[in-house]
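Peer 1: Sequence first, predicted coordinates after that:
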Number of protein chains: 2
Amino acid sequence: MQKGEFSFIGDIARLFGGLPHNGFEPIGDDCTVVECGDDEVLVLSTDLLVEDVHFLRSASHPEQVAHKSLMVNLSDVAAMGAHPVATLLSLALPASVQQQWAKSFMEGYYEASKRYGVALVGGDTTASTDKIAINVVAIGRAKRDCVKRRSAARVGDAICVTGKLGTSSKGLVDIMFGDLATTAAKIHSMAQARVEEGIVLGAQRAVHAMMDISDGIASDIRHIMEQSKVGAEIDTALVPRDYDLRYALSGGEDYELLLTVERGEVEAVSERLLRTTGTPLTVIGRIIEGDELRWLESGSPIELDLQGFTHF
Amino acid sequence: MQKGEFSFIGDIARLFGGLPHNGFEPIGDDCTVVECGDDEVLVLSTDLLVEDVHFLRSASHPEQVAHKSLMVNLSDVAAMGAHPVATLLSLALPASVQQQWAKSFMEGYYEASKRYGVALVGGDTTASTDKIAINVVAIGRAKRDCVKRRSAARVGDAICVTGKLGTSSKGLVDIMFGDLATTAAKIHSMAQARVEEGIVLGAQRAVHAMMDISDGIASDIRHIMEQSKVGAEIDTALVPRDYDLRYALSGGEDYELLLTVERGEVEAVSERLLRTTGTPLTVIGRIIEGDELRWLESGSPIELDLQGFTHF
């Protein structure tokens, strides 16, 4: 979902709100959740990638496009604390796409699927007139009690993030300037969804709200605030990063997880995550009462005027 | 799925066949099937519609495009004998698309969703450079025992179809020639998936294999033959139709169901279908041993050289 579309999405949610839900939860999380048996749920995510909007045929290898199309969805499943099990792939290919491109794309999709142990269980292939379009649906399974939602943050929770922020966004800028060989550029091209981390964090009760960072925390934390009806305070000095703060706050596609953890349990959660996955968890702020997003720098209030990353 | 893509699909199936299935059945039916609790399954179908391949912005109302994007998927769910419960909608819209188009599209999608009682539970909206792309995923629920597969046809089964064949295809030709007001053209634009019929037929054990007719029976029966490892004999004089035989055999998008029914049970199945849904069932042939498709005309063998409908 992109910025500027929230009002359209809001209109849709209102229009369709009156229809029967048929066992599905209302829209508002990274995935939709549906009951599946007594104590399990399935979660589903979908993303549509379009040539010249999400990728350039000239600048990206087909394997990278495949990797990205899968990762954005696996990241959504991870954000729910669910285990990704399968995907559906729809592919529209213009005649100008060589067979080799399609073959390489499928090989990249296969490698990424294999890495995460997800099956390809269905899809659609069709022609298009000139541009490639790729729609991926990821399906995950979770114990009902393990599913994490944006609406579960509580006042007093620590706001945490996995890994480091902004690297992927810095890498994208490098690529746009033709610097394809930088460390950040390479990480951007093959960024990995936090699948194992999502499962570990999903299994812990002390983790309350969770989502993946797709537009940057400055924008994404607002989803947790709105859904949980709380405020938030973030200290920019605490944000884990290797590059400029702007990338770390407003950059997209890191596939890191943004979560709130019960105060007093942060150390235990963090230790378990590091021990089982090798991924660090960093506290960057706390959930407060109200509906305000307050920025601090080493404890002192500051003014920030940041917009979330807008996809090129 | 379109003709000419079978080899690509075959390559994909082989490449991904070695990955863990994670509770999903292998590719080969109108929908993928996944276990969901002790005696239920979910079925999932996905279709990608691209402007100028599946519809023309100048020739189709946005409501009709929405209708079609939903119907192709509901028809797949119906073909499995499942009850459609929800959809995911991904929409790529170029800047040249007016807000009114998007609004009308969503209204059409809402009306069709309401008619069939399906929820809209997730999706994605994004920009595109010049063409509209629409991906719909339909999700259905069924008792495990009610799910119908292409692989379940048995020698001796009657081959049956619901309704009449070729009307939608004739309507498409009318539209292509500018004849938008013919009965067939109107039916083509608002053809309805056989959702109720699919549920009724799914509940009957005497119904063995089932699929929806998307490319015309001449092409589609081969899927049942291949999956069930059987031959088939179809009598062209029995095919229910209002228009030319060519449309009825090779025309697509009728959304009628093609099924095989245990010999001796056809009358009971047919009566129940007519009584509960008002839709007639017609026997057009029978499943035979071998792997051959034989054409008859009023009982006498004929030669037919027909290709399935190729999407324009």
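Peer 2: Nice, I can see it. Just so it is clear, the structure is predicted and the values come from calculations on it, not from any experiment.

Peer 1: Pull the number of nearby residues for the residue of chain A found nearest chain B.
Peer 2: Residue of chain A nearest chain B, by CB to the nearest CB: residue A:37 (3.2 Å). No exception for glycine: its C-beta is placed from N, CA and C like everyone else's. Look at residue A:37: counted by other CB atoms under 10 Å in any protein chain shown, it has 15 neighbours.

Peer 1: Confirm that it sits in a strand.
Peer 2: No. Going by DSSP: H, G, I helix; E, B strand; the rest coil, the assignment for residue A:37 is coil, not a strand.

Peer 1: Next, give phi and psi for it.
Peer 2: Backbone geometry at residue A:37, expressed as degrees, to the nearest 10, gives phi 80, psi -170.

Peer 1: for residue A:190, same thing?
Peer 2: Residue A:190 has phi and psi values of phi -130, psi 30 when expressed as degrees, to the nearest 10.

Peer 1: again, but for the one 4 residues further on
Peer 2: Phi and psi for residue A:194, reported as degrees, to the nearest 10, are phi -90, psi 60.

Peer 1: what's it in contact with, if anything?
Peer 2: By CB atoms under 8 Å, 6 or more residues apart in numbering or on different chains, the contact set of residue A:194 is A:75, A:78, A:162, A:163, A:212, A:255, A:256, A:257, A:279.

Peer 1: Surely the fifth one and residue A:259 touch.
Peer 2: Put plainly, it is residue A:212. No. With contact defined as CB atoms under 8 Å, residue A:212 does not count as touching residue A:259 (9.8 Å).

Peer 1: These two - which one has more neighbours?
Peer 2: residue A:259 (30 against 26).

Peer 1: So which bits of the stretch 51-200 of chain A are right by chain B?
Peer 2: Contact residues (CB under 8 Å from any CB of the partner chain) of the stretch 51-200 of chain A with chain B: A:51-54, A:85-86, A:88, A:90-92, A:102-103, A:106-107, A:110, A:113-114, A:117-131, A:133, A:135, A:137, A:139, A:141.

Peer 1: What separation is there between the closest residue to the residue of chain A closest to chain B other than its chain neighbours and residue A:88?
Peer 2: Nearest non-adjacent residue to residue A:37, counting by CB to CB, 6 or more residues apart in numbering or on different chains: residue B:37, 3.2 Å away. Residue B:37 sits 21 Å away from residue A:88, taking CB to CB, to the nearest Å as the criterion.

Peer 1: Same check on residue A:62?
Peer 2: 19 Å.

Peer 1: what separates the helix or strand residue A:170 falls within from the chain centre, distance-wise?
Peer 2: Per DSSP states H and E: residue A:170 is located in helix A:167-176. Offset of helix A:167-176 from its chain centre (CA atoms, centre = their mean, to the nearest Å): 17 Å.

Peer 1: next one: stretch A:13-20
Peer 2: Counting by CA atoms, centre = their mean, stretch A:13-20 is centred 25 Å from the centre of its parent chain.

Peer 1: wait, does it contact chain B?
Peer 2: Yes. Applying CB under 8 Å from any CB, one finds stretch A:13-20 touching chain B at A:15, A:16, A:19, A:20.

Peer 1: which residues in the stretch 1-150 of chain A form helices?
Peer 2: For the stretch 1-150 of chain A, applying DSSP state H, counting those that start in this stretch gives helices covering A:6-16, A:62-79, A:99-116.

Peer 1: can you put those helices in CSV and add mean neighbour count and mean pLDDT?
Peer 2: Listed next are the helices of the stretch 1-150 of chain A as CSV, based on neighbours: other CB atoms under 10 Å in any protein chain shown; pLDDT from 0 to 100:
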stretch, mean neighbour count, mean pLDDT
helix A:6-16, 14, 77
helix A:62-79, 26, 95
helix A:99-116, 18, 94
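
Peer 1: Many thanks, we can stop here.
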